[in-house]
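Colleague: Fold the following for me, if possible:
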Amino acid sequence: RFQINYKNRSGMSAYKLSGSSSSAIVLRVRTQIGTWRLSNVHSSDTFAQLRSRVEKEHQIDLEGRSFTVTPITSKDETCLKFNDKATVGEAGLKNGDLIYINIDETKMGIHESSAGKKQITKDGHIVAQDIQKSLNQSGFRPGMLPLRSMKMHWTLNEFVALDEQFVYKVKAPEKGICEIVSVDTSSINDFQSYLRNFDFRIMRIGFLYGRIIDNKKVKAEVIYEPPQEATDISFQLLPDPKAEAVDAIASMLGLQKVGWVVAHPAREKGFFFSGPEILFTAEQQLEAAEGVADTTFVTVKVTVDEANQIVVEAFQVSKQCMEMVAEGVLTVSANLGSCAVNPTFTALVEGKPVKEVDNNFFLSTTPIEQFESKFLVSTFPKANRVAVTQSREDIKRQLSKAGREGWTFVDLLADFHLLLYLTQYLGLKDDIPLLCKSVVDRENAPLDEGYRLLLSSIAGIE
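Modeller: Residues are numbered from 1 along each chain as shown. A predicted model of the protein is given here:
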């Protein structure tokens, strides 16, 4: 786990990740005027308690509104909401996760202790002045305090040095850290075959688990698809009750999260990533690197071309992109081919200030190849797929092949998705580690005959 303990130059929440063994986590609360950070959040905290904290820390009346899993657009009230009585742990939220809530800006700073300015509305009511509007008009930069609120006296050099911290000269993407990514053929074929069922009309994502070789090459053995909702242009990850088991089993097998894969419908030529995809990729690389640092974390993209042929490519976003996302410089734009620039900052492209940056400025390509895994198989039905079920009959179908066509019992057991499903019947902390040990070291750690009989019994194999 990692803890977000960094604030960006404008004082807004951002993330720079550092190792932490604390049970407390940090959540990011995104509103229509910015993102706030809630630190020292515990798994036992309810969402009602989180709302009270936000109201107290930001002097705002949320009027009983619920936090949501996805952003609320316009007057859309159909998005998934967190129950006020539910806890952070029950929702499966992890360190750095985003939750959303819409606020009424006129209700900011209206507590008795507030010394903010007031304004009279057209109907004669006295309300708190729009803080964001006030800061945009009088702040050093939009959304920031005036200079005199930071410090009474400034020299020209100090002023220039301060201003330069908010200026980014967007550079052409440098060569990525990952020299090549190898993806297991069975896993990537199964992934794209599933998308074929939908004619590649929806998006879908998965996380890659594998090994990093020589700090510059990635070998992906597994694709795990978390619970998600998707359209043709967007995806939203849902709370995952299997998340702990996924990471645990991967670790037992000597694997780690090395990237993510995203599938999407055909796009116009030159349009590789949408703005939200760029931001998500940068966030994943930031987490993998524990901050703005070199990382081999890679993104694999699966789609179809004009001839409806499968196209598989790999990318990384630049370290500058990672920094700009960490600092809160980049946000979602209505133009999917670009990222919007936060008004607090200035982005220069070819020496000119821009309000949006083309996403291709942040991308570098990574060579990609396939390989036939000698370590794991990938034939068990995948979790979290629409109209795909997992059952004991599937275990029977897989393990019954033992002794035929050169398959051994452990060869067939060496399926990440089968091992994950078996956590419904066996203990994650006592039984599963022994199964994984036999999978990893088949010569020196043979599977105990008792487990062979137990698994056969679960599967209904006589």
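
Colleague: In the protein, where is pLDDT below threshold?
Modeller: Under the criterion pLDDT under 70, the flagged ranges of the chain are 1-22, 33-34, 72-79, 105-140, 143-145, 147-152.

Colleague: what packs against the longest helix anywhere in the chain?
Modeller: Across the chain, the longest stretch assigned as helix under DSSP state H is helix 275-289. The elements that helix 275-289 packs onto, with contact taken as 3 or more CB pairs under 8 Å, 6 or more residues apart in numbering; DSSP states H and E, are strand 17-19, strand 256-263, strand 310-317, helix 319-326, strand 330-332, strand 338-341. The way it works is simple: take the backbone N, C-alpha and C, and place the C-beta from them, glycine included.

Colleague: Can I get these in JSON lines including distance to L447?
Modeller: Formatted as JSON lines, the entries for the helices and strands packed on helix 275-289 read as follows, by distance: least, CB to CB, whole Å:
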{"stretch": "strand 17-19", "distance to L447": "35"}
{"stretch": "strand 256-263", "distance to L447": "24"}
{"stretch": "strand 310-317", "distance to L447": "35"}
{"stretch": "helix 319-326", "distance to L447": "43"}
{"stretch": "strand 330-332", "distance to L447": "49"}
{"stretch": "strand 338-341", "distance to L447": "50"}
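
Colleague: closest to Q32 out of the ones you listed?
Modeller: Of all the helices and strands packed on helix 275-289, it is strand 330-332 that lies closest to Q32, at 11.3 Å by CB to CB.

Colleague: Sort out which residues of stretch 410-430 are buried, please.
Modeller: Going by neighbour count (16 or more other CB atoms under 10 Å), the buried part of stretch 410-430 is 410, 412-423, 426.

Colleague: one step back: looking at the helices and strands packed on helix 275-289, spot the one closest to I395.
Modeller: Each of those was checked against I395 via CB to CB, and the shortest separation belongs to strand 256-263, namely 26.0 Å.

Colleague: quick one: strands adjacent to the closest one?
Modeller: Partner strands for strand 256-263, per DSSP bridges, with pairing direction: strand 204-213 (antiparallel), strand 298-304 (parallel).

Colleague: ok, residues contacting the longest one?
Modeller: Applying CB atoms under 8 Å, 6 or more residues apart in numbering, the set of residues contacting strand 204-213 from outside is 183, 191, 194-195, 218-226, 228, 230, 235, 237, 250, 254-263, 296, 298, 300, 416.

Colleague: If any of those are buried, give me the ChimeraX selection for them.
Modeller: Remark: buried members of the contacts of strand 204-213, expressed as a ChimeraX selection using 16+ other CB under 10 Å:
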select :183,191,194,195,218,219,220,221,222,223,224,225,226,230,235,237,250,255,257,258,259,260,261,262,263,296,298,300,416
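
Colleague: all helices for this structure, in order.
Modeller: If you assign secondary structure with DSSP H, the helices in the chain sit at 47-58, 88-91, 131-138, 147-150, 156-164, 185-196, 243-252, 275-289, 319-326, 392-399, 409-413, 416-421, 431-440, 449-459.

Colleague: could you dump the fifth one to CSV, C-alpha only?
Modeller: What follows is helix 156-164 as a C-alpha-only set of coordinates in CSV (Å, rounded to 0.1, in the frame of the first residue of the first chain):
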residue,chain,number,x,y,z
LEU,A,156,11.0,40.5,-8.7
ASN,A,157,13.2,37.3,-8.6
GLU,A,158,10.9,35.7,-6.0
PHE,A,159,7.9,36.5,-8.1
VAL,A,160,9.4,35.1,-11.3
ALA,A,161,10.6,32.0,-9.5
LEU,A,162,7.1,31.4,-8.1
ASP,A,163,5.4,32.0,-11.4
GLU,A,164,7.8,29.6,-13.3
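
Colleague: mind listing what's buried in that helix?
Modeller: When neighbours are counted by 16+ other CB under 10 Å, the buried residues of helix 156-164 are found to be L162.

Colleague: packing partners for that helix?
Modeller: Taking 3+ CB pairs under 8 Å, 6+ apart as the contact definition, helix 156-164 has no neighbouring helices or strands.

Colleague: the strands in the stretch 51-200 of the chain, which residues?
Modeller: Chain-ordered strands for the stretch 51-200 of the chain, with DSSP state E, counting those that start in this stretch as the definition, fall at 98-100, 118-120, 126-128, 167-170, 180-184.

Colleague: between the longest one and strand 204-213, how big is the angle?
Modeller: Right, the one you point to is strand 180-184. Using axes from the mean of the first three to the mean of the last three CA atoms, to 10 degrees, the inter-axis angle of strand 180-184 relative to strand 204-213 is 120 degrees.
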